[in-house]
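Student: Sequence first, then the predicted structure:
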2 protein chains.
Amino acid sequence: MTSYTTPAALRAATARGEWRQPTAGLLDGYQQANLVVLPQSDAYEFLLFCVRNAKACPVLAVSEAGQTEILMGKSHIDLRTMFPRYRVWQQGQLADEPYDLLDCWPDDAVAFLLGCSHSLDGALRRAGIPVSLAAPPVYLTQISCQPTARMQGYVAVSMRPVAADKVDEAVALSAAYPSAHGTPLHIGDPTEIGITDLAAPDFGVFPGVHPGQVPVFWACGVTPQQVLPALGSAYLFTHYAGHMLVLDDTVEHYSAQLR
Amino acid sequence: MTSYTTPAALRAATARGEWRQPTAGLLDGYQQANLVVLPQSDAYEFLLFCVRNAKACPVLAVSEAGQTEILMGKSHIDLRTMFPRYRVWQQGQLADEPYDLLDCWPDDAVAFLLGCSHSLDGALRRAGIPVSLAAPPVYLTQISCQPTARMQGYVAVSMRPVAADKVDEAVALSAAYPSAHGTPLHIGDPTEIGITDLAAPDFGVFPGVHPGQVPVFWACGVTPQQVLPALGSAYLFTHYAGHMLVLDDTVEHYSAQLR
């Protein structure tokens, strides 16, 4: 684990290339953010997709076209260096997985910062609902996204095992955190949402579901990465899964702006 | 009051020109919606404004450009006739206040349905917090909107007097209704948000604040109507204040999609 004690210190170290690891379990309580960057000409399509799929894609901030920094609270976030790792698509094809985007930030690039369920994990833990410090497993489902004219696909979900007698509390609690994907999309039988083998997640490691526990599924920030490449934008940059931006303010702060 | 017992019956009567009155207090519990229509070329700017000012502008739905109808649940909503009254701006100047838009729906028109605080009133009443059946008074404040490149201005708020010992409950309850503007923006002293005379609202009628009551201020759907004309779009259509669309589903249904 890192010894960085503030989000600013972690971001500075990341920008210097000293931190290239996942951010699950780091700096509990602070809002973490996913990244999507695409050309201005596709920004309306994607923003509309976010609005229509608010649980999967809670929008924390949108940059002005071409700007490499965005002001979040009192901090200037360098969008090109402050995520530990990135992914780069060109015309819908994965092209690179670099540690910064210093060499490629087009003049028409618009960046979206989206809420992340890592921020939910801390809130659940603080409320006495045990959640692993590791990133939760992620599954592709057969739940259709609300489409736009040029974007369609299926919702990805993260799964956390919750003790049966704590499920109601987990649901009520997560309603307070729309910036961390809000209430679950599904509770219980994974086959009802098209997951045939819970032990074989599409991303991450299956932690097991023990007797007395129920699998609870939340909308996941992996969703736009599944849907966006088919849009075929000239370029698309995202964070590398699990490698988020950690912001100065808490998940409570960002969620309060959405409810 | 109307005798229409379902939203569909009210909308059909409205489309026939038989209902041209405000919708406050009608069909308690159903989601009511505000309207903004503007050219596709300004749709991104306005959608971004909505996302940045989510409490004032909760987005329920966005139409495809040029479509005169939008599917909400199982109902096709005719955007040109199912609001009791409309307002029309041209190049930022108010030009007309018609009862339908049948004569003017450009091929590039994009319609936004936005959540409305009328839906909050019913939820408060059902929880035992008395709220007038009349529309609440609306005030322009000195609270700045989160601007976009071409849109800036001040948040408008609606005010409801709440018994001092019910304020906490009203706040907690309204957090569950992001589609009806969610939690209050301000509680108490109106001068702190730039309202110099509570008895003189900018719109509507001041109901009085009795001893033991506290004025509570929620973000209001009048906000975009205050900010949008300065954008100077070739055309801008909105509902006429207080004259909303009533949808088939409840405010609980729409709020559940946002949290």
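Tutor: All right, it came through fine.
Student: From chain B, how far off is residue A:150?
Tutor: Going from residue A:150 to chain B by Cβ to the nearest Cβ, to the nearest Å gives 11 Å. To be clear about C-beta, it is placed using only N, CA and C from the backbone, and glycine gets the same treatment.
Student: show me where chain A has helices.
Tutor: Counting by DSSP state H, one finds helices in chain A at the ranges A:7-15, A:43-52, A:118-126, A:167-174, A:223-227, A:251-256.
Student: By mean pLDDT, show me the worst of those.
Tutor: Note on the helices of chain A: helix A:118-126 shows the lowest mean pLDDT, a mean of 86.
Student: Report the buried residues of it.
Tutor: Neighbour-count burial for helix A:118-126 flags A:118-125 (criterion: 16 or more other Cβ atoms under 10 Å in any protein chain shown).
Student: Tabulate these (TSV), appending distance to residue A:214.
Tutor: Shown next, in TSV, are the buried residues of helix A:118-126 (distance: Cβ to Cβ, whole Å):
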residue	distance to residue A:214
A:118	21
A:119	22
A:120	17
A:121	17
A:122	21
A:123	19
A:124	14
A:125	18
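Student: ok, so of the residues you listed, who is nearest chain B?
Tutor: residue A:120 (12.6 Å; Cβ to the nearest Cβ).
Student: Excluding covalently adjacent residues, which one is nearest to that closest one?
Tutor: Leaving out its chain neighbours, the residue that sits closest to residue A:120 by Cβ to Cβ, 6 or more residues apart in numbering or on different chains is residue A:180, at 3.7 Å.
Student: For the residue in chain A positioned nearest to chain B, which non-adjacent residue is spatially closest?
Tutor: Here chain A gets closest to chain B at one residue, residue A:44, 4.0 Å apart by Cβ to the nearest Cβ. Distance criterion Cβ to Cβ, 6+ apart; nearest residue to residue A:44, sequence neighbours excluded, is residue B:44 at 4.0 Å.
Student: was I right about the one you found contacting residue A:45?
Tutor: No - the pair residue B:44 / residue A:45 is not scored as a contact, 9.2 Å apart, by Cβ atoms under 8 Å.
Student: can you give me the strands in the stretch 101-250 of chain A?
Tutor: For the stretch 101-250 of chain A, the strands defined by DSSP state E, counting those that start in this stretch occupy A:109-115, A:138-144, A:154-163, A:186-187, A:213-219, A:235-239, A:245-250.
Student: now the angle from the second one to strand A:213-219?
Tutor: Yep, that's strand A:138-144 we're talking about. Computed by axes from the mean of the first three to the mean of the last three Cα atoms, to 10 degrees, the angle separating strand A:138-144 from strand A:213-219 equals 70 degrees.
Student: if you look at strand A:138-144, does any of it touch chain B?
Tutor: No - under the criterion of Cβ under 8 Å from any Cβ of the partner chain, strand A:138-144 makes no contact with chain B; the nearest approach is 13.2 Å.
Student: can you list contacts of that strand?
Tutor: A:152-159, A:185-186, A:190, A:193-195, A:198, A:201-204, A:217, A:220, A:222, A:226, A:241 (Cβ atoms under 8 Å, 6 or more residues apart in numbering or on different chains).
Student: can you list the residues of the stretch 51-200 of chain A near chain B?
Tutor: By Cβ under 8 Å from any Cβ, the residues of the stretch 51-200 of chain A that approach chain B are A:51-52, A:54-55, A:59, A:62, A:64, A:149, A:175-176, A:178, A:182-183.
Student: which of those count as buried?
Tutor: By 16+ other Cβ under 10 Å, these give A:51-52, A:54-55, A:59, A:62, A:175-176, A:178, A:182-183 as buried.
Student: I'd like the residues you listed written out as a markdown table, with distance to residue B:136 added.
Tutor: Below are these laid out as a markdown table (distance: Cβ to Cβ, whole Å):
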| residue | distance to residue B:136 |
| --- | --- |
| A:51 | 26 |
| A:52 | 29 |
| A:54 | 26 |
| A:55 | 30 |
| A:59 | 28 |
| A:62 | 31 |
| A:175 | 25 |
| A:176 | 26 |
| A:178 | 25 |
| A:182 | 27 |
| A:183 | 29 |
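Student: what's the weakest-modelled helix or strand in chain A?
Tutor: helix A:118-126 (a mean of 86; mean pLDDT, DSSP states H and E).
Student: Please save the CA atoms from that one in CSV.
Tutor: This file holds the C-alpha atoms of helix A:118-126, laid out as CSV (Å, rounded to 0.1, in the frame of the first residue of the first chain):
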residue,chain,number,x,y,z
HIS,A,118,-14.3,2.7,-5.1
SER,A,119,-15.8,5.6,-3.3
LEU,A,120,-18.8,3.5,-2.3
ASP,A,121,-16.7,0.8,-0.7
GLY,A,122,-15.4,3.2,1.9
ALA,A,123,-18.9,4.5,2.7
LEU,A,124,-20.1,0.9,3.2
ARG,A,125,-17.2,0.0,5.4
ARG,A,126,-17.7,3.1,7.5
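Student: average pLDDT across stretch A:54-68?
Tutor: 95.
Student: Okay, now it: how far is its last residue from its first?
Tutor: 25 Å (Cα to Cα, to the nearest Å).
Student: ditto for stretch A:212-229
Tutor: 39 Å.
Student: tell me which residues in it are buried?
Tutor: For stretch A:212-229, a neighbour-count test (16+ other Cβ under 10 Å) marks A:213-229 as buried.
Student: Just give me how far it sits from the chain centre.
Tutor: 9 Å (Cα atoms, centre = their mean, to the nearest Å).
Student: What's the local residue count around the residue of chain A closest to chain B?
Tutor: Using other Cβ atoms under 10 Å in any protein chain shown, residue A:44 is surrounded by 20 other residues.
Student: residues in contact with it?
Tutor: Per Cβ under 8 Å, 6+ apart, neighbours of residue A:44: B:43-44, B:47.
Student: same check, this time on residue A:238
Tutor: Contact partners of residue A:238, counting by Cβ under 8 Å, 6+ apart, are A:34-37, A:86-87, A:89, A:224-225, A:228.
Student: ok, now how distant is it from residue A:226?
Tutor: 11 Å (Cβ to Cβ, to the nearest Å).
Student: now do residue A:249
Tutor: 28 Å.
Student: got it, and residue A:89?
Tutor: Distance from residue A:89 to residue A:226, by Cβ to Cβ: 12 Å.
Student: End to end on stretch A:117-137, go ahead and measure it.
Tutor: Stretch A:117-137 has its terminal residues 12 Å apart, counting by Cα to Cα.
Student: hmm, what's the outermost residue in chain A?
Tutor: residue A:211 (29.0 Å; Cα atoms, centre = their mean).
Student: can you list the domain ranges for chain A.
Tutor: Chain A is divided into the following domains under the TED database: A:7-117+A:224-258, A:119-223.
Student: show me what contacts the closest residue to residue A:28 other than its chain neighbours?
Tutor: In space, and not counting its chain neighbours, residue A:28 is closest to residue A:122: 4.2 Å by Cβ to Cβ, 6+ apart. Going by Cβ under 8 Å, 6+ apart, residue A:122 touches A:28-29, A:251.
Student: likewise residue A:224?
Tutor: Each residue near residue A:224 by Cβ under 8 Å, 6+ apart is listed here: A:34, A:36, A:46, A:49-50, A:56-57, A:114, A:238.
Student: close enough to count as contact, residue A:235 and residue A:86?
Tutor: No - using Cβ under 8 Å, residue A:235 is not in contact with residue A:86, being 11.6 Å away.
Student: Good, we can wrap up now.
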